[in-house]
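Trainee: kindly return the folded structure for what I paste below:
(one chain, ligands or ions: 1)
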Amino acid sequence: MEPSSSPTSDGAADIAAYRQQVEQAAAVVRESLKTTPRLGLILGTGLGRLADQITIDATLSYDEIPQFPVSTVESHDGRFLAGTLRGVPVLAMQGRFHLYEGYSPREVTLPVRVMGTLGIDTLLVSNAAGGMNPQFAQRDIMLITDHINLQGANPLVGPNVDAWGPRFPDMSEPYDPTLRTWAEEVALEHEIKLQQGVYVAVVGPNLETKAEYRMLRRMGADAVGMSTVPEVIVARHMDLRVLALSVITDECFPDALAPVSLDEVLAAADAAEPHLTTVMAGVVERIGATTSVAS
Ligand code: HPA
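Mentor: Residues are numbered from 1 along each chain as shown. I've put the predicted structure just below:
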């Protein structure tokens, strides 16, 4: 039987179209920028109010950007904010895309490609996660030290765009050690408890069974969530420095598992938000300080 398509021909056309999509989106966003952004922010759960601290130059709704996916999660806004945070030019995403919404890995990571194309060198990310490490409690915040990709999907599948990064990107240290040290220092200064650990990404949207939590914990993960890893893979592909923090919104201890209520999850995210915001803003301040020394 004739194969209906070969990976070489179709894959090449797809990636060329995708690259064009990134370029077009970047061109539109660039028009509303005053300066080149240094820093990209994915304002996920627990970080929404960091937006209030940005001196905003421009707001661009995702639906104003050609071929941009539109967020389906109602609590997420779906727009870019361009401006300055603690003296650093930033581009912030209010609203991100998840695989469980039906987006492809490339769609999920399109905004990161756009921010990378526009010149950011650092990406700060937050998310909600279930805590599996028994030392963790609901409302803790966790510095991600490493991750496990259990989504069965990868945004780098297909022909590689050499202009973006290498075919086989290194993942020996995806989360920047200097940024992590700064996060620890800021947390200590403000007497904020900062947990650390490995984040495992699953597709979702259902939460895990007891047997799954047991398996994920034994694999070496401290927290589980449904985002972040695709964006981090793409950020590292583009050689961006990455820092990511999780809010522990529920306790996932298989031998004492209680049903999770969405209200409780939202309450935990709200309670942790000031801490997460303080740590991220402190890191941004340090980024600003070192940038001005360097330049
Ligand atoms: N599992 C997966 N994702 C999550 C969880 C969880 O328990 N909590 C918050 N996001």
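Trainee: ok, which residues in the stretch 101-250 of the chain are in contact with the ligand?
Mentor: Ala128, Ala129, Gly130, Val202, Gly204, Leu207, Glu208, Val224, Gly225, Met226, Thr249, Asp250 (C-beta under 6 Å from any ligand atom). C-betas here are computed from N, CA, C, even on glycine.
Trainee: of the residues you listed, which is the most crowded?
Mentor: Ala129 (32 neighbours; other C-beta atoms under 10 Å).
Trainee: that one: what's it in contact with?
Mentor: Met142, Tyr199, Ala223, Val224, Gly225, Ser246, Val247, Ile248, Thr249 (C-beta atoms under 8 Å, 6 or more residues apart in numbering).
Trainee: what about Val242, how many residues close to it?
Mentor: 22.
Trainee: in which helix or strand does it reside?
Mentor: Assigned by DSSP states H and E, Val242 belongs to strand 241-251.
Trainee: just to revisit the earlier point, mind checking which of the residues of the stretch 101-250 of the chain next to the ligand are in strands?
Mentor: Ala128, Ala129, Gly130, Val224, Gly225, Thr249, Asp250 (DSSP state E).
Trainee: circling back to that earlier point, which of the contacts of Ala129 lies closest to Asp170?
Mentor: The shortest gap between Asp170 and any of the contacts of Ala129 belongs to Tyr199, at 18.5 Å (C-beta to C-beta).
Trainee: packing partners for the one helix or strand that closest one maps to?
Mentor: Using DSSP H and E, Tyr199 sits in strand 194-201. Secondary-structure packing of strand 194-201 (3 or more C-beta pairs under 8 Å, 6 or more residues apart in numbering; DSSP states H and E): strand 141-149, helix 177-189, strand 223-225, helix 229-237, strand 241-251.
Trainee: quick one on the thing from earlier: adjacent strands (with direction) for the strand holding Val242?
Mentor: If you go by DSSP bridges, strand 241-251 pairs up with strand 122-131 (parallel), strand 141-149 (antiparallel).
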